Every structure is written in structure tokens, then in C-alpha cells.
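Engineer: can't give you the sequence, but here's the structure:
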């Protein structure tokens, strides 16, 4: 079968999931014909995705929730401002998507949480069927336990999630644990790259942290100063590198290096991104999950991760609590690896078999023009 991906390209999470599914499909003889990658500029595609994805990549402009640079909280005014300012570009993106689908003739479209992927499917339902994959769909499941408060943020995040799935036949909710389906929402294991799955954990004597806000960096530095015998390696976009005080080290953000050090650490300190928590669980490393303030999605991930046994949820970097927690930590790696090991079986069951196992509609038939990619690239969304 032939698959076309539509990927929300802000951040790394959905891009790494797309790489993992492409590896899975290719290993079983299926074809991934390309990836349409949405971003605010319509041109930016992260280097690691260009290096890892096995098919053609076509960028396009797509809306996304906007967070305040200062507070990192979801901002409704900024989100609406960006939507109206770039509306013309987003409108043109719908035709760019349609052109690519007609030319590439996929049997199934996989949407990794892109808003225009859902809007397009709702406006042009005659095209190939669409399956949506993201951990955010778990928040729409009837059994999901939401954090208290943050009603506006919850509404906005879930509204955005519903729009991404307009016209979709199924929603696959990436989850830390198994569960029963709810209507067309099916719980499936996290999509992790072979680069992660092929690693074996090793014992370590240091904590590994990933933070972006300067205030969070200062929190870690202040705590480590009180307990200088504790070794902490911190990945951040902060300019300084190397050892800045006794046993406190800073590193530039680097995905491969971070993964190598996670393999050998004794605990991970993070802002509760779904991918990083799932990778730590696969390697049997406990996680201190500290969501950014008013970041509803990360708060959901942290609470859900704590329920799944990934580690400890706190609103501040309570590293002392984490140290005490690790002493009594029960390794859930075996159970999580068993669940993650079913990812191919459960995900391919939903995207390949059943009513999706059919040829693409006749209106999409025909050879792909030789100059297709040049034409797609020329559709500049100015």
C-alpha cells in the first residue's frame, strides 16, 4: 500500500513519530510516497527529519497554537493574531495539499496532528481515507483524567485536536499504557524510532536534564549549588557550555547526544514532552516531569506519565523529592517494553487492514508527473 504523511512540523515530537512509522511501514513492504510538513513559515523543516525521512518532503504553511515567549503559556490572542495574519497563506496551503494528494495517489493518508490536514479532509472527503496519529487524541478519550482548572486551555487544545481529525476514519491515541477504544479513538503504543529501541540502558551516576527557560535553568543551578556532590548534565539553549560549577554541566541541545546520555543516566528531568517521557520509560529511567507553567498539554502528559509509573510530577524542579523517589522506584521497563513491542501489530492493524485495505479512488489514478516535485515546490505561499 501507498501512504502519504501530513505532519505538524513545529517541535520534534510528531516528526519523530513520522520517522518511526515510515521505518515500520517500509520494513513490511509498504511505500511512503512523501511527507507534507506544516510550519508557520511554510519553509522550515528540521534537519534531523530531512536526514531521517525516507521519502520526498514538501513543506507548507499551517496554523498552530501559539505560546507566549515570556510565560510559555498558551496565548489565545497570539494564536488568533497569527491565524488572521496568515489566513491567505493557509488558504493556499489547502490547494497545495490537494495537488500533492492527487499526484501521489496514496491509498491512505496519515495525519500527524496538522490542522490543515483535517480541514482538507473535511472539505474534500472523496479523497483517500485518513488516519490521525498523536498522543493528544488520548485527551478526547472518555476515560482520560484531566487536570483540574485550566478550562480555557483545555477547550482550546481539544478544539485544535478535533480540527486536526475532521473527516478522519480513525484516531490513534499514542499512550503510555493499553486501554479500551472509545468510538473511533484507539489506544496504541508510542511510536519510537529504531535509534531508541535498539539501545540498552546502562547504570549511571548523573541526572540528565532538558530545559529551555532561563528561570528553570536557574532553579537547577541553585539546587545543585546546595548539593554539589550531585552530578547534573543539562541540555539547554543557554549559550554557556561545559562545567559551570562543581558537577554541573551545560550542553547545547543535540538529539543524538541527549539520547546517548539518557542511556547511561540514573534519572531524567524534563518538561514532560510525550516523546522524551516515552523514551525514558523504554530505557527504564525514572523521570521528574515539570511542565511549563500554564502549558496544559505538558501538564496532561506529566499527570498521565505519573499514573503510568514513569516517574514524579511536580510544578517546580523538586530534585530532592526526585532523589528520594528514585530510592524506592520500581522499574516498569519490562511492562512498558512489552506494550511498546506491540506498536507495529496494533498500529498497522488500524492503518492497513479492514476498510482501509483498498485501492485509491479512481479520480486519483494516473502517473505522477515527472515535474511534480518541482511544481509542488514552486507553489510559494507568499
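Structural biologist: Sure thing, it's come through. Keep in mind that what you see is a predicted model, and the values were worked out from it rather than measured.
Engineer: mind listing residues that contact the longest strand seen in the chain?
Structural biologist: When the chain is parsed with DSSP state E, its longest strand is strand 31-39. Around strand 31-39, the neighbours that count as contacts under CB atoms under 8 Å, 6 or more residues apart in numbering are 1-10, 15, 18, 22, 25-26, 45, 49, 53-62, 64, 93, 96-97, 100, 104-106, 114-117. Backbone N, C-alpha and C define where each C-beta goes, glycine included.
Engineer: one more: stretch 203-216?
Structural biologist: 72, 217, 220, 230-238, 253, 258, 261-262, 264-271, 276, 285, 290, 292, 317, 319, 322.
Engineer: then stretch 311-323?
Structural biologist: With contacts defined as CB under 8 Å, 6+ apart, stretch 311-323 is touched by 207, 216, 219-220, 223-224, 227, 230, 267-269, 272, 277, 280, 286-291, 293, 302-303, 305-306, 325, 329.
Engineer: domain-wise, how is this structure divided?
Structural biologist: 2-192+341-378, 195-339 (automatic domain parsing).
Engineer: so how many other residues sit close to residue 43?
Structural biologist: Counted by other CB atoms under 10 Å, the residues lying close to residue 43 total 12.
Engineer: quick one, strands of the stretch 251-382 of the chain?
Structural biologist: With DSSP state E, counting those that start in this stretch applied, the stretch 251-382 of the chain shows strands at 267-270, 287-289, 311-313, listed in chain order.
Engineer: would you turn the domains of the chain into JSON lines with mean pLDDT?
Structural biologist: What follows is the domains of the chain, written out as JSON lines (pLDDT from 0 to 100):
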{"stretch": "domain 2-192+341-378", "mean pLDDT": "85"}
{"stretch": "domain 195-339", "mean pLDDT": "89"}
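Engineer: contact partners for residue 268?
Structural biologist: Neighbour list for residue 268: 207-210, 262, 276, 280, 285-288, 311 [criterion: CB under 8 Å, 6+ apart].
Engineer: so which of these are in helices?
Structural biologist: The helices in this structure, assigned by DSSP state H, contain 262, 276, 280 from the contacts of residue 268.
Engineer: buried subset of the contacts of stretch 203-216, written for ChimeraX?
Structural biologist: Taking 16 or more other CB atoms under 10 Å as the burial criterion, the selection of buried members of these in ChimeraX is written as:
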select :72,217,220,230,231,232,233,234,235,236,238,258,261,262,264,265,266,267,268,269,270,271,276,285,290,292,317,319,322
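Engineer: got the phi/psi numbers for residue 211?
Structural biologist: The phi and psi torsions at residue 211 (degrees, to the nearest 10) take the values phi -140, psi 160.
Engineer: what of residue 45?
Structural biologist: For residue 45, the backbone dihedrals (degrees, to the nearest 10) come out as phi -130, psi 130.
Engineer: which residues touch it?
Structural biologist: When contacts are counted by CB under 8 Å, 6+ apart, residue 45 touches 9, 37, 39, 57, 59.
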